[in-house]
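**Q** test case, fold it:
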Amino acid sequence: MTITLRKPDSPEYLNFSRQVKKRARKQSGTDVYDDDEGVYTSLFRQAAAKNNKSQKQKKNKITKSQQ
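**A** Numbering: from 1, shown residues only. Okay, here's the model as predicted:
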């Protein structure tokens, strides 16, 4: 079995990836990413998106229960 991660090619992802690389370069003083950076950036972005969705759902649930 082989599991692969599809690297997104949307403008939002590409911008996010550039920002991560820029911040890492600024903080470390070197290029810390190689060709595999897309995997880590993508996983982080997916986790952040899921967390954001979860927080919105919780907020909506609380708001509805208070009405």
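
**Q** now the helices for the protein?
**A** Assigned by DSSP state H, the chain shows helices spanning 11-28, 37-66.

**Q** low-confidence stretches in this structure?
**A** Scanning the chain for pLDDT under 70 picks out the ranges 1-5, 31-39, 42, 67.

**Q** center of it - which residue?
**A** Nearest residue to the geometric centre of the chain (C-alpha atoms, centre = their mean): Arg45, 0.9 Å.

**Q** thought that residue was touching Phe16?
**A** Yes. Counting by C-beta atoms under 8 Å, Phe16 is a contact partner of Arg45 at 5.7 Å. Using the backbone N, CA and C atoms, a C-beta is placed for each residue, glycine as well.

**Q** what is in contact with the two at once?
**A** Overlap between the contact sets of Arg45 and Phe16, as judged by C-beta atoms under 8 Å, 6 or more residues apart in numbering, is nil.

**Q** give the contact list for the residue nearest to the centre of the chain.
**A** Pro8, Tyr13, Phe16.
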